[in-house]
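Trainee: for reference, the sequence and a predicted model appear below.
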Amino acid sequence: MHKLPTFTAQHGCAPSPRRKGLIAWLARSLPPLACALVLAGCTNLAPVYERPTTALPAQFADNPEQASDVDQLAWRNYFRHPELQTLIEHALQHNRDLQAAMLQVAQARAAYGIARAERGPAVGLGLESQRALVPGDLNLSGQPVISSQHQLGVGFTSWELDVWGRVRSMNAAALHSYWASAEGQRAAHLLLVAQVADGWLAVRELDWRIHLAEQALATRAEAQRVFARRVEVGSSSRLDFVQVELLWQQASTLVAQLQLQRSTQLHALGLLVGQPDLALPPSTQPLAELLPLAPLAPGLPAQLLENRPDILAAEHQLQAANARIGAARAMYFPRIALTALGGTASAELDGLFTTGSRAWTFAPSISLPLFDGGRRKANVQLSEVQRAQAVNHYQRTIEAAFRDVVDALAASQWLDTQLHSLQATEATLTERARLARRRYDAGATRYFEVLDAERDLLTAQQQVVQAERALHSARLQLYTALGGGSAQLPPPAAE
């Protein structure tokens with residue numbers, strides 16, 4: 001005979017008030033059942049859950065310890081531009097990926113409801129009537145007899161007494177799976193907000209770059225007209241005109257390239273918000289004025305464990321895997337099931353409600369496979385391996401979250417430095433272009449020097465706008481990496 005393994009129970013017998021009431025009712029109605037019901041829910045073979053330790057630094061590099069309330073900062077308070085808020089609201093209502101995440105939560109919730117229902121008996125009402133003709137050679141009278149039997153009762157069939165905690169472990173696993181799905185929806189919510197904000201920033205960055213390029217194009221078109229007239233009257237060389245025309249062509253090409261990028265980015269943004277025909281009027285406002293994003297305090301690394309929805313989802317998945325070990329271990333022990341019926345029985349229909357027609361049936365059953373080819377052992381091993389995988393996934397999620405934060409912090413720091421350097425370069429090139437034009441007007445230099453200065457100035461202006469957008473994106477990434485606004489999202493319901 002297969003030797004039963006020994007496991008350490010997680011907690012002792014502690015029936016809930018609801019279960020105590022059910023036991024008391026059944027004890028009055030079905031006396032033989034009372035003692036058996038007391039055994040239900042006395043053991044849990046799942047291992048005691050302990051949060052895995054992860055080696056995280058005491059604080060983020062190059063950042064002092066400072067409190068962070070990013071999880072309390074709702075996206076409406078961080079992204080204050082009305083147009084962006086409208087786009088985010090539309091995306092939260094119509095984005096297909098977020099809707100898929102919500103359906104996964106609904107599916108997990110329904111699965112948890114099924115698992116929870118297994119803890120109690122399914123009580124039903126049954127009415128059975130039977131008439132039979134018994135031949136004479138099968139009864140003592142020797143004459144054919146017509147017999148009748150009618151039963152009316154309330155009861156349940158094959159209700160498993162959860163003595164070893166198998167049903168409770170599966171219920172706990174389903175609950176944590178549901179919570180993991182709910183946290184996954186919160187993570188998808190936060191990611192969608194960040195994607196819409198980043199896509200909107202990309203469109204507005206291109207708007208400002210197009211505005212600068214069109215200003216340069218208009219200036220060069222006017223210079224082209226002036227030099228064409230000068231060539232006609234013989235006051236300027238053909239070479240100067242060709243150089244001015246080349247500069248105009250370069251600006252025209254840049255405008256076309258930027259317009260193409262804007263159209264592509266706008267289509268991607270429309271797909272995110274669930275509005276394929278999205279149209280945004282061009283903006284001529286710098287990014288720093290259009291959407292000022294304040295720097296964020298990173299807080300401590302340990303706060304990630306409480307703020308990031310993806311980390312919380314990974315921990316719930318780990319707890320679900322831990323509970324499934326208890327269910328697998330319980331299969332080593334006998335399965336006790338009960339079938340019970342209480343009601344009335346009579347040979348005549350009108351006798352079902354007369355005195356003395358009371359009847360009850362109590363049929364317990366115990367089953368234990370003696371040989372299964374190692375299936376139960378393999379099932380326990382499988383559940384333990386799945387828990388180890390969940391631990392690994394949980395730790396990798398924490399490490400990835402830590403990297404997201406330090407990358408965003410580094411990007412914010414160095415992009416801010418780079419932006420200030422580029423702005424200083426832009427100011428220098430602006431002064432250079434002004435001086436070059438003055439020298440040309442005074443006849444001290446050829447127009448080529450003016451063209452070269454204006455070309456470098458346009459390039460610097462484009463780089464400054466790109467650096468501003470990169471800095472905004474880094475702050476946006478930090479907001480997301482710290483679990484921004486997660487406390488403002490709907491939490492998973494506990495039942």
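Mentor: Nice, thanks for sending it over.
Trainee: for the stretch 151-300 of the chain, what spans make up the helices?
Mentor: Secondary structure of the stretch 151-300 of the chain (DSSP state H, counting those that start in this stretch): helices at 166-233, 238-273, 287-290.
Trainee: ok, Ile336 - how many residues close by?
Mentor: Number of residues near Ile336 (other CB atoms under 10 Å) recorded here: 19. In short, each C-beta sits where N, CA and C put it, glycine included.
Trainee: wait, it touches Pro364, no?
Mentor: Yes: between Ile336 and Pro364 there is a contact at 6.7 Å, judged by CB atoms under 8 Å.
Trainee: rewinding a little: and Ile311, which of the helices of the stretch 151-300 of the chain is closest to it?
Mentor: With CB to CB as the criterion, Ile311 lies closest to helix 166-233 of those, at 8.5 Å.
Trainee: mean pLDDT and distance to Gly113 for the helices of the stretch 151-300 of the chain - can I get that in a markdown table?
Mentor: Compiled in a markdown table, the helices of the stretch 151-300 of the chain are given as follows (pLDDT from 0 to 100; distance: least, CB to CB, whole Å):
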| stretch | mean pLDDT | distance to Gly113 |
| --- | --- | --- |
| helix 166-233 | 91 | 8 |
| helix 238-273 | 91 | 33 |
| helix 287-290 | 85 | 47 |
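Trainee: give the buried residues for stretch 138-158.
Mentor: Within stretch 138-158, the residues that count as buried by 16 or more other CB atoms under 10 Å are 150-153, 155.
Trainee: now, among the residues you listed, which is nearest to Gln389?
Mentor: Nearest member of those to Gln389, counting by CB to CB, is Gly155, at 42.9 Å.
Trainee: assign the nearest residue to that closest one once chain neighbours are set aside to helix, strand or coil.
Mentor: In space, and not counting its chain neighbours, Gly155 is closest to Leu341: 3.3 Å by CB to CB, 6 or more residues apart in numbering. Look at Leu341: counting by DSSP: H, G, I helix; E, B strand; the rest coil, its state is strand.
Trainee: run through the bridge partners of Leu341.
Mentor: Gly155, Thr361 (DSSP bridges).
Trainee: before we move on, the earlier item: got the helices of the stretch 151-300 of the chain as TSV, with mean neighbour count columns?
Mentor: Listed next are those as TSV, based on neighbours: other CB atoms under 10 Å:
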stretch	mean neighbour count
helix 166-233	21
helix 238-273	17
helix 287-290	16
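Trainee: and of the ones you listed, who's closest to Val465?
Mentor: That would be helix 166-233 among the helices of the stretch 151-300 of the chain, by CB to CB, at 5.0 Å.
Trainee: same for the closest one, what does it pack against?
Mentor: Where contact means 3 or more CB pairs under 8 Å, 6 or more residues apart in numbering; DSSP states H and E, helix 166-233 is packed against helix 82-94, helix 96-117, helix 238-273, helix 287-290, helix 309-330, helix 447-481.
Trainee: can you add distance to Ala174 and give those helices back as a markdown table?
Mentor: Below are the helices and strands packed on helix 166-233 laid out as a markdown table (distance: least, CB to CB, whole Å):
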| stretch | distance to Ala174 |
| --- | --- |
| helix 82-94 | 28 |
| helix 96-117 | 4 |
| helix 238-273 | 33 |
| helix 287-290 | 47 |
| helix 309-330 | 8 |
| helix 447-481 | 30 |
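Trainee: is Leu206 in contact with Leu269, as I believe?
Mentor: No: using CB under 8 Å, Leu206 is not in contact with Leu269, being 11.3 Å away.
Trainee: kindly provide the distance from the residue nearest to Gly155 to Phe241.
Mentor: 105 Å (CB to CB, to the nearest Å).
Trainee: Leu56 belongs to a helix?
Mentor: No: under three-state DSSP, Leu56 sits outside any helix and is assigned coil.
Trainee: got the contact list for it?
Mentor: 301-302, 304, 398, 402 (CB atoms under 8 Å, 6 or more residues apart in numbering).
Trainee: now do it, the pLDDT please.
Mentor: pLDDT recorded at Leu56 is 77.
Trainee: which residue of the protein lies farthest from its centroid?
Mentor: Gly142 (76.5 Å; CA atoms, centre = their mean).
Trainee: now the phi/psi pair for that one, please.
Mentor: Per-residue torsions, Gly142: phi 80, psi 0 (degrees, to the nearest 10).
Trainee: if I pick it, what's in contact with it?
Mentor: Gly136.
Trainee: same deal with Trp75?
Mentor: Neighbour list for Trp75: 88, 193, 197, 484-485, 488 [criterion: CB under 8 Å, 6+ apart].
Trainee: surely Ser252 meets Glu214?
Mentor: No: Ser252 is beyond contact range of Glu214, at 9.7 Å (criterion: CB under 8 Å).
Trainee: could you find the closest non-adjacent residue to Glu468?
Mentor: In space, and not counting its chain neighbours, Glu468 is closest to Leu287: 4.7 Å by CB to CB, 6+ apart.
Trainee: against His420, how distant is that neighbour?
Mentor: From Leu287 over to His420 (counting by CB to CB), the distance is 15 Å.
Trainee: repeat that for Val380.
Mentor: Counting by CB to CB - Val380 and His420 are separated by 61 Å.
Trainee: who has more neighbours, these two?
Mentor: Each of Val380 and His420 has its neighbours counted (other CB under 10 Å); Val380 has more, 21 against 11.
Trainee: confirm that one sits in a helix?
Mentor: Yes: counting by three-state DSSP, Val380 falls inside a helix.
Trainee: what about the residue nearest to it when sequence neighbours are not counted, neighbour count?
Mentor: Nearest residue to Val380, sequence neighbours excluded (CB to CB, 6+ apart): Ala328, at 4.5 Å. Residues contacting Ala328 under the criterion other CB under 10 Å number 22.
Trainee: likewise for Phe362?
Mentor: Going by other CB under 10 Å, the residues that sit close to Phe362 add up to 16.
Trainee: now do the closest residue in space to Ser357 that isn't next to it in sequence against Arg131, distance only.
Mentor: Using CB to CB, 6+ apart and skipping residues adjacent in sequence, the residue nearest Ser357 is Thr344, 4.1 Å away. Thr344 sits 18 Å away from Arg131, taking CB to CB as the criterion.
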